[in-house]
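S.K.: Give me coordinates for this.
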Amino acid sequence: MYLKLSILSRIHKVLLLSVCLIISTSCSSDDELDRPTPTNTSTPTTPDPTPPVVNFADIDFTDWKVTLPVDENNDGKPDEYQPNELINFGYQTLAPVQPYMYDDADDESVVFYTFPEVSTTNSSYSRTELRELINPSNSRENWTLLEGGIMQGRLKVVDVSENSNSSDTYHKVIVMQIHGIISEADMATHGFSSNNSPPLIKIYWKDGYVWSHKKSLIDESTSGDDLLETSNSTWYDIKENLGYVGYDAFDFKIEASDAKITVTLNNESPFIYEDVSLDKWPFENYFKAGNYLTTTDANAFSYVKYYNLYLTH
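M.R.: Got it, this is the predicted structure:
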């Protein structure tokens, strides 16, 4: 009897030992699974900083040439650069242009700077100004009021010299125009030596106020070929004060259509011209924008910024 109990006791101990071994092995396996994966303790490489995005004024130079206030090539007239030289930021690479038309990346504008130096034909004043070319290969191809067009832009006058020779505090600056031009047909018919004609619309900055000047007939009964007379004895300016902007940025739009011109400053009510003079306007037209300083005073200057400029026909 004692022998049987002893054998049973040994079997029991063997079973207990087996169970403990299984449990021990299982625990050891779990510990291995739960052990944290070693991490890479090396210092990560810092990526190169992304270069800042530089934005520029929203102006498509495809249909604009620029006139400068200097004659660096000594041909007796202001230097000009054509659309194909200005587009795709080409103006940024033109050393002669940079002193007078250049970027201000801080506020995404193009600065137009001018001073009295070299003037254009039929004018005593200098300018750094864009001239519309609807056909860059032929500056005599322009548009009629019947065809119409819209120019709009955001701009501001930055700085203008003081005027000590008149009642104005500062010199006046023209920032936008619709300029007239005698058509090729009328040039051929009348044998004119010049195709220059009066500006139909001039938008002035005068001591912080925006003024619109529009050409009108002195005698509204004028007709026929007499309308092609370009002198002040036939056409004169009617003037409208559109409001105060000071040195702040402002939006301006000129809309031209058949016998009608609309000018709009900011979100103000538009000012509309509809009269006999517009109905009889005999010239073709082109838009201009920039900085046209109307003085020859020594040491005069002006700076004008454009943030955007758009054309529609």
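S.K.: residue ranges with poor pLDDT in the chain?
M.R.: Along the chain, the parts satisfying pLDDT under 70 run over 1-48, 51-52.
S.K.: Helices of that one, start to end?
M.R.: Assigned helices in the chain, in chain order: 2-34, 83-86, 184-190, 276-280 (criterion: DSSP state H).
S.K.: Which residues does the shortest one contact?
M.R.: To tie it back to what came earlier, the one meant is helix 83-86. Contacts of helix 83-86 from elsewhere in the structure, counted by C-beta atoms under 8 Å, 6 or more residues apart in numbering, are 61, 62, 63, 64, 65, 66, 90, 91, 94, 133, 136. The way it works is simple: take the backbone N, C-alpha and C, and place the C-beta from them, glycine included.
S.K.: what number of residues lie near the third one?
M.R.: Residue 63 is flanked by 18 other residues according to other C-beta atoms under 10 Å.
S.K.: contacting residues for it?
M.R.: The contact partners of residue 63, taken as C-beta under 8 Å, 6+ apart, are 83, 132, 133, 134, 136, 311.
S.K.: For the last one, grab the count of nearby residues.
M.R.: Spelled out, that is residue 311. The number of residues packed around residue 311, counting by other C-beta under 10 Å, is 18.
S.K.: how close does it sit to residue 84?
M.R.: According to C-beta to C-beta, to the nearest Å, residue 311 and residue 84 sit 17 Å apart.
S.K.: do the third one as well
M.R.: Residue 133 sits at a distance of 10 Å from residue 84 (criterion: C-beta to C-beta).
S.K.: These two: who's more crowded?
M.R.: Each of residue 133 and residue 84 has its neighbours counted (other C-beta under 10 Å); residue 133 has more, 18 against 13.
S.K.: give the contact list for the more buried one.
M.R.: 63, 64, 65, 82, 83, 139, 286.
S.K.: Could you find the closest non-adjacent residue to the fifth one?
M.R.: With sequence-adjacent residues excluded and distances taken as C-beta to C-beta, 6 or more residues apart in numbering, residue 83 is closest to residue 136, at 4.8 Å.
S.K.: Can you list the neighbours in contact with stretch 134-152?
M.R.: Outside stretch 134-152, the residues that touch it by C-beta under 8 Å, 6+ apart are 62-63, 65, 82-84, 131-133, 176, 178, 181, 183-184, 187, 195, 251-260, 278, 281, 284-287, 289, 309-313.
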